[in-house]
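Participant: I would like to see how this sequence folds:
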Amino acid sequence: MNVKSDPEVPALLRSGGEPSVRFSAQLRDLLKQLGDAPIQIRELLEATQEHSIHLILLLIALPFVGPVPLPGFSTPFGLVVTMLGTAMALGRKSWLPEAFLRRELSPQFLGKLLRGTSRIMEFIERFLRPRLGFVESNMLFSRVAGILIAVSGLLLMLPLPIPFSNSIPAWTVIFLAAGSLCRDGLFFFIGCASFLVSVVFFALLALGGIVAVEHLLR
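Facilitator: Model (predicted):
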């Protein structure tokens, strides 16, 4: 399926136009237009152009927002998040493995992702609006967001069967990606706060692990 040339595909994927705060509606529109043919991740990236990184980050982080961790999936998806965040931090064009780009998403799987993403975005959009423009216009904030996303990806990679070990770093990614999509600088700072929560959470886990090991040794 060539989403760039297909007239039935919404403008979000054909032109890479600037998403509005109705990004969830655009995702639902895309969901309605999906055919029966699978879509390669490469096609989504090419079609969304400059917004591809944030769209992929949202789609990747979505499955991990629940309290139950997904150890079997968090490691490869966390690696992709780390790679995208690193590219943002270095101010370079994102690079992803060819095997990942060639991966085809079935209409059923992509449909579930888009429906879930649109529901979460619909909730977040109640608070999203263009503001604190100095955040989006200053490259420093973009680099910082990339670093936070990259570290969140590393935390996501940890195969820990502990509640919220996936969801807290995933929300950091969602806040930062959604803020960039809708040019809301406030969400950058919300993402920073979420990242601090992640650091405290994993620091407490590490401390608890050390105490438990010392107790066993004694």
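
Participant: residue 24 versus the residue nearest the centre of the chain, what's the distance?
Facilitator: Residue closest to the mean C-alpha point of the chain, counted by C-alpha atoms, centre = their mean, is residue 57 at 2.3 Å. Separation of residue 57 from residue 24 (C-beta to C-beta, to the nearest Å) stands at 16 Å. Heads up, the C-betas are built off the backbone N, CA and C, glycines and all.

Participant: look at residue 96 and tell me its secondary structure.
Facilitator: coil (DSSP: H, G, I helix; E, B strand; the rest coil).

Participant: hmm, back to that, who does the one helix or strand the residue nearest to the centre of the chain maps to touch, helix- and strand-wise?
Facilitator: According to DSSP states H and E, residue 57 maps onto helix 52-61. Counting contacts by 3 or more C-beta pairs under 8 Å, 6 or more residues apart in numbering; DSSP states H and E, helix 52-61 packs against helix 41-48, helix 71-90, helix 107-124, helix 167-181.

Participant: which of those sits most buried?
Facilitator: A comparison of the helices and strands packed on helix 52-61 by mean neighbour count, using mean count of other C-beta atoms under 10 Å, puts helix 167-181 on top with a mean of 27.

Participant: who touches the residue nearest to the residue nearest to the centre of the chain when sequence neighbours are not counted in this structure?
Facilitator: Leaving aside its sequence neighbours, residue 57 sits nearest to residue 177 (C-beta to C-beta, 6 or more residues apart in numbering; 4.1 Å). Residues near residue 177 by C-beta atoms under 8 Å, 6 or more residues apart in numbering: 53, 54, 55, 57, 58, 61, 149.
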